[in-house]
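[1] Based on what follows, work out the 3D shape:
(one chain, ligands or ions: 1)
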Amino acid sequence: MTFTASSDAEPQWVLSPGRAELASFLEGLPEPHILCDPDYRIVAANQAYRHLYGGEGELTGRTCYEVSHHFDRPCDQAGESCPMARARQSGQRERILHLHHTSCGQSYVNIELTPLLSPSGELTGYIEKMETVQHAHLQPQAQGLIGRSPAFRQMLALVTRVAPTDSAVMLLGETGTGKDLVAQTLHASSQRAAKPFVPVDCSSLTETLFESELFGHERGAFTDAHRAKAGLVETAHEGTLFLDEVGDIPLTMQVKLLRLLESGVYRRVGSTEQRQANVRIVSATHRDLSTMVREGRFREDLYHRLCTFPIRLPPLRARAEDLPLLVDSLLRRLVPQRRIKLSPQALELLGHQPFHGNVRELRNLLERAIVLSDSALIGVEAVEWALQLDRDLQKDSQGRARETALHEPSSLPQVTGDGALRGSWQRLRIEELRERLQSWHGTRTELALELGISERTLYRKLKALGMA
Ligand SMILES: Nc1ncnc2c1ncn2[C@@H]1O[C@H](COP(=O)(O)OP(=O)(O)OP(=O)(O)O)[C@@H](O)[C@H]1O
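    Numbering: from 1, shown residues only. Next up, the predicted model:
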């Protein structure tokens, strides 16, 4: 053993000369680091660690699991995966996402653990480096990803692992599960964070628009091209291009996207000059892409290009224990100027809802309940009322769709797999929406119904306008 306690009664941890040098090197590093012995005891903690985990001096001699987890036994015996146990087996550096108690409360922390081996290969200790995850929280927050359930943590572990790389990420999940938010988190946690994050709503790109929107055009390239215009790939230069609803790209356009991804070069419409693309690709879809590939509706080669690193986002029903945390955070986001809460009975009622529209549906429901409640403590009646309005609205919309089908079969909007009404999507112009919004006094759900589009489509439009 390289580290020794000078007395059994009150251990004073003494470092061997080689380790003292290592500890002094760690002291100067900006990220929190500790040096541990093979029995999980901290033998040195640098200044950044002492700052993050609290305590001056008294950290040495304590175990890492007690300081960071408040556990009385090693993580792997307390239901957490232990990077030390893994490093002991692999003899290699290990990375893992943990939930730690820090001086700022509970936080997500990425741990990188390096085993220290003697010249004969004997394990003599570990160096642990901690990195607090900035964009995901375990406490109610006005911004960022929120969650603490195992399903959420599994997803977050993949997000934090792939974020610093340049791999193409595919976000898969039902509508409203947070794909857009995760895409922004990936960008914000990457080396490209200071460069643009450019979302592309692939479901709104028509065949004629596709190339000029993505690659740009030169002046005079087509009738309406009065000026040269940079495309979205160029706008996202050195940043992230987020291809939202990538499963909605028709086959004819998929080949153009594939060409860009394979060659890394593109041309503005009407130009012969080749430009080099420098973008990280993040895509998202609520569709089942592998089935689409099997059915020949999505190109297999494009699928593999986009899905280098797939991440599945859990639906809200698979992370029920996150509901109170999400409710609290969403209430803060909806009404930042006032502290609004939900009564325990109201929360319980929410716990029984299926939430097919996931976090977005929860958010809309809360927005409605805030309007219907006269107090800062939203009770079960307001939530029940908000749910009833939603049920009425759905009945109404089904009734209208049936009526339209009977009287004007040709103008019936096309109903997509997730129930969203499409067709009206292309017709509803941005300017018209802006005007309607300015004079609209009802809820967004009512506005969507009034406009004859789904709530999801309305949300997309608002997002495009920066008004979501
Ligand atoms: N984990 C989360 N923490 C906090 N807010 C969340 C979380 N997940 C989703 N939201 C919120 O829910 C709403 C819908 O999320 P988002 O638009 O990212 O979903 P989506 O999966 O992209 O939906 P769609 O497929 O319909 O585009 C947003 O207001 C978003 O901020």
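
[2] and the closest residue to residue 86 other than its chain neighbours, backbone torsions?
    Distances taken as CB to CB, 6 or more residues apart in numbering place residue 94 nearest to residue 86, at 4.7 Å, with adjacent residues excluded. No exception for glycine: its C-beta is placed from N, CA and C like everyone else's. Backbone dihedrals for residue 94, given as degrees, to the nearest 10, come out at phi -130, psi 140.

[3] Check whether stretch 162-179 comes near the ligand.
    Yes: residues of stretch 162-179 are located near the ligand by CB under 6 Å from any ligand atom, namely 173, 175-179.

[4] is it true that the residue nearest to residue 86 touches residue 83?
    Yes: using CB atoms under 8 Å, residue 94 is in contact with residue 83, at 4.4 Å.

[5] Only alpha carbons, please: show the one helix or strand residue 348 maps to as CSV.
    Residue 348 is part of helix 344-351, with elements assigned from DSSP states H and E. Included here for helix 344-351 are C-alpha records, laid out as CSV according to Å, rounded to 0.1, in the frame of the first residue of the first chain:
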residue,chain,number,x,y,z
PRO,A,344,-51.0,16.9,-3.7
GLN,A,345,-54.5,15.7,-4.8
ALA,A,346,-54.1,17.6,-8.1
LEU,A,347,-50.7,16.0,-8.6
GLU,A,348,-52.1,12.6,-7.9
LEU,A,349,-54.8,13.2,-10.5
LEU,A,350,-52.1,14.0,-13.1
GLY,A,351,-50.4,10.8,-12.2
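
[6] Pull the residues that contact it.
    Applying CB atoms under 8 Å, 6 or more residues apart in numbering, the contact partners of helix 344-351 are 320, 323-324, 327, 342, 362, 365, 369, 378-380, 382-384, 387.

[7] Domain ranges for this structure, per the record?
    15-132, 150-312, 414-468 (automatic domain parsing).

[8] now these in JSON lines, with distance to residue 358?
    Shown next, in JSON lines, are the domains of the chain (distance: least, CB to CB, whole Å):
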{"stretch": "domain 15-132", "distance to residue 358": "21"}
{"stretch": "domain 150-312", "distance to residue 358": "4"}
{"stretch": "domain 414-468", "distance to residue 358": "11"}
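
[9] Take the ones you listed and write them to JSON lines, including mean pLDDT and mean neighbour count.
    Formatted as JSON lines, these follow (pLDDT from 0 to 100; neighbours: other CB atoms under 10 Å):
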{"stretch": "domain 15-132", "mean pLDDT": "85", "mean neighbour count": "17"}
{"stretch": "domain 150-312", "mean pLDDT": "93", "mean neighbour count": "18"}
{"stretch": "domain 414-468", "mean pLDDT": "59", "mean neighbour count": "15"}
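
[10] Just want the phi and psi numbers for residue 142.
    phi -80, psi -10.

[11] and the closest residue to it other than its chain neighbours, what pLDDT?
    Spatially, and ignoring its direct neighbours in sequence, residue 142 is nearest to residue 332 (5.2 Å; CB to CB, 6+ apart). Per-residue confidence (pLDDT) for residue 332: 94.

[12] Can you give me the neighbour number for residue 332?
    Neighbourhood size, residue 332 [other CB atoms under 10 Å]: 16.

[13] and what of the one 3 residues further on?
    Around residue 335 there are 14 other residues, counting by other CB under 10 Å.

[14] cool, and the one 5 residues further on?
    When neighbours are counted by other CB under 10 Å, residue 340 registers 18.

[15] Repeat that for the one 3 residues further on.
    By the measure other CB under 10 Å, the count of residues near residue 343 is 17.

[16] And residue 377, by the same measure?
    Look at residue 377: counted by other CB under 10 Å, it has 12 neighbours.

[17] what are the ranges of the helices in the stretch 251-400 of the chain?
    Using DSSP state H, counting those that start in this stretch, the helices of the stretch 251-400 of the chain run over residues 251-263, 289-294, 300-306, 323-334, 344-351, 358-372, 380-407.

[18] Take those and lay them out in JSON lines including distance to residue 88.
    As requested, the helices of the stretch 251-400 of the chain are exported to JSON lines (distance: least, CB to CB, whole Å):
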{"stretch": "helix 251-263", "distance to residue 88": "41"}
{"stretch": "helix 289-294", "distance to residue 88": "37"}
{"stretch": "helix 300-306", "distance to residue 88": "36"}
{"stretch": "helix 323-334", "distance to residue 88": "34"}
{"stretch": "helix 344-351", "distance to residue 88": "41"}
{"stretch": "helix 358-372", "distance to residue 88": "39"}
{"stretch": "helix 380-407", "distance to residue 88": "50"}
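
[19] closest one to the ligand among those?
    With CB to the nearest ligand atom as the measure, helix 358-372 is the member of those nearest the ligand (3.5 Å).

[20] Rebuild the helices of the stretch 251-400 of the chain as TSV, extending it with distance to the ligand.
    Output for these, formatted as TSV (distance: least, CB to the nearest ligand atom, whole Å):
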stretch	distance to the ligand
helix 251-263	19
helix 289-294	13
helix 300-306	16
helix 323-334	6
helix 344-351	15
helix 358-372	4
helix 380-407	16
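
[21] do you know how far residue 126 is from the ligand?
    32 Å (CB to the nearest ligand atom, to the nearest Å).

[22] Might one say that that residue is in contact with residue 35?
    Yes: counting by CB under 8 Å, residue 126 does reach residue 35; the two are 7.5 Å apart.

[23] secondary structure element for residue 242?
    If you go by DSSP H and E, residue 242 is part of strand 240-244.

[24] So in that sheet, which strands flank that strand, and in what orientation?
    Strand 240-244 has the following strand partners under DSSP bridges: strand 197-201 (parallel), strand 280-285 (parallel).

[25] Of all residues in the protein, which one is closest to the ligand?
    Counting by CB to the nearest ligand atom, the chain gets nearest the ligand through residue 178, at 2.6 Å.

[26] need the contact list for that residue.
    145, 313, 358-359.

[27] which one of the contacts of helix 344-351 is nearest residue 23?
    residue 324 (42.1 Å; CB to CB).

[28] Neighbours of the closest residue to that closest one other than its chain neighbours, how many?
    Leaving aside its sequence neighbours, residue 324 sits nearest to residue 347 (CB to CB, 6+ apart; 6.0 Å). Burial of residue 347 is recorded as 17 neighbouring residues (other CB under 10 Å).
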